[in-house]
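**Student:** Need coordinates for the following:
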Amino acid sequence: MTESGKTRNFTGPYADLLSELAKLMDWLAIEHDLSFVKAGDDQVFAYGVNGYILVFDQSRWEGLIELLVPNSAFTIKPSAEGAIAVTSTNADEKASLKLFKEALDRIRSYYESRYWSTPKTSQAGAGIQRPA
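**Tutor:** Modelled structure (predicted):
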């Protein structure tokens with residue numbers, strides 16, 4: 001589930017939040033990589049708490065990423081041009097940006113306070129530096 005060799009340059013109104021999402025996904029890959037289910041040949045990862053849910057498969061930025069929040073949802077996927085496109089069910093961009101940030105904060109806070117993490121002997125996070 002790692003993408004250690006890739007650096008993504010996000011653009012648009014969600015650029016900073018997508019960078020933060022990338023760091024969160026990398027951190028989850030290191031600390032909680034065993035939280036997946038099989039869907040056909042894919043590993044699907046779902047993380048969340050109290051209505052804030054992040055879902056993606058092992059292709060990560062090449063596939064569909066969904067971020068669900070109370071009363072709204074975000075679809076994140078590559079566009080035909082290769083850029084990462086974010087679509088929100090909330091038409092108010094300012095409110096959407098706030099909800100996106102809130103979801104990232106809530107998910108990270110929940111998993112940071114968990115009593116367990118993947119043992120450091122696991123190879124799942126090999127090659128990924130833990131974000132600060």
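
**Student:** Would you map the strands across the protein?
**Tutor:** Counting by DSSP state E, one finds strands in the chain at the ranges 36-39, 42-49, 52-57, 65-69, 72-78, 84-88.

**Student:** how about these in JSON lines, adding mean neighbour count, mean pLDDT and distance to A22?
**Tutor:** Placement of C-beta: from N, CA and C, glycine included. Formatted as JSON lines, the strands of the chain follow (neighbours: other CB atoms under 10 Å; pLDDT from 0 to 100; distance: least, CB to CB, whole Å):
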{"stretch": "strand 36-39", "mean neighbour count": "11", "mean pLDDT": "82", "distance to A22": "18"}
{"stretch": "strand 42-49", "mean neighbour count": "16", "mean pLDDT": "90", "distance to A22": "14"}
{"stretch": "strand 52-57", "mean neighbour count": "19", "mean pLDDT": "94", "distance to A22": "11"}
{"stretch": "strand 65-69", "mean neighbour count": "20", "mean pLDDT": "97", "distance to A22": "10"}
{"stretch": "strand 72-78", "mean neighbour count": "17", "mean pLDDT": "95", "distance to A22": "11"}
{"stretch": "strand 84-88", "mean neighbour count": "17", "mean pLDDT": "94", "distance to A22": "10"}
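
**Student:** Which among the ones you listed is found nearest to S109?
**Tutor:** Of all these, strand 42-49 sits nearest to S109, with 8.2 Å by CB to CB.

**Student:** residues in contact with stretch 91-108?
**Tutor:** 13-14, 17, 20-21, 24, 27, 47-50, 52, 54, 67-69, 72, 74, 86, 88, 90 (CB atoms under 8 Å, 6 or more residues apart in numbering).

**Student:** if we can go back for a sec, export the strands of the chain as JSON lines, with columns for distance to S96.
**Tutor:** Shown next, in JSON lines, are those (distance: least, CB to CB, whole Å):
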{"stretch": "strand 36-39", "distance to S96": "27"}
{"stretch": "strand 42-49", "distance to S96": "18"}
{"stretch": "strand 52-57", "distance to S96": "14"}
{"stretch": "strand 65-69", "distance to S96": "9"}
{"stretch": "strand 72-78", "distance to S96": "7"}
{"stretch": "strand 84-88", "distance to S96": "4"}
